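Visitor: Fold the following.
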Amino acid sequence: MLEQRAKLSRGHDLAKAMTYILKRWAAFTLFLDDGRVCLSNNAAERALRGIALGRKSWLFCGSDRGGERAAAMYSMIITAKMNDVEPQAWLADVLARIAGYPAHRLDELLPWNWKPRTIALAQAA
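Guide: Predicted coordinates for the structure are as follows:
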C-alpha cells in the first residue's frame, strides 16, 4: 500500500484514503489478532434498525446535546434488548432505584446483571 500511495498525488482521494488507513493500521488489523473483534459495524447498525424512530429522526433531535442524549438512550435500549431484558421495565426500575443505590453496587443495575426489584427483594429475604 505504501508503494501504491507513493505513485499518487497527495491530494488524490485514494491517497487520502490510504493515508487514513495506514495511520490506523494497528486498529484496522486488530481483528486478525483477536477473533472477538468484528471487521465491520454491521451488528451495531442492525441493532439500530429495531428502533423505527431512529431511522429518519436523527436529523431532528433539536440540538447536538439532544442527539447525544438520543444516542445514549438508544444504546441503553438496545443493550437491554441484547441481554433479553424488557427495556421499559429495566429503565423504569433503574431510574426509580438509582438515586438511593450504593455507588459501589451500580454494576448490579446494568442490563446483564439486573434483576427486577421484586426478585432482588425476594433473594435478599
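Visitor: Pretty sure residue 83 sits against residue 77.
Guide: No. Look at residue 83 against residue 77 with CB atoms under 8 Å: they stay out of range, at 11.2 Å. Every C-beta, even on glycine, is put in place using the N, C-alpha and C of the backbone.
Visitor: ok, these two, which is more surrounded?
Guide: residue 77 (21 against 14; other CB atoms under 10 Å).
Visitor: helix or strand right after the helix or strand bottoming out on mean pLDDT in the chain?
Guide: With mean pLDDT, DSSP states H and E as the measure, the helix or strand of the chain carrying the lowest mean pLDDT is helix 52-57 (a mean of 56). Note on helix 52-57: by DSSP states H and E, the next helix or strand toward the C-terminus is helix 64-82.
Visitor: And that next one, what's buried?
Guide: 70, 74, 76, 77, 78, 79, 80, 81 (16 or more other CB atoms under 10 Å).
Visitor: tell me the mean pLDDT for the strand or helix carrying residue 27?
Guide: Using DSSP H and E, residue 27 sits within helix 25-28. Averaging pLDDT along helix 25-28 gives 89.
Visitor: Residues contacting the next helix or strand after it, please?
Guide: Where DSSP H and E defines the elements, the next helix or strand beyond helix 25-28 is helix 30-33. The contact list for helix 30-33, computed with CB atoms under 8 Å, 6 or more residues apart in numbering, reads 37, 38, 39.
Visitor: Just the closest of those to residue 63, please.
Guide: Closest approach between those and residue 63, by CB to CB: residue 38, at 31.5 Å.
Visitor: residue contacts, the closest one?
Guide: Contacts of residue 38 (CB under 8 Å, 6+ apart): residue 31.
Visitor: How about the secondary structure of it?
Guide: Of the three states, residue 38 takes coil under DSSP: H, G, I helix; E, B strand; the rest coil.
Visitor: ok, now how distant is it from residue 114?
Guide: Here the criterion is CB to CB, to the nearest Å. By it, residue 38 lies 25 Å from residue 114.
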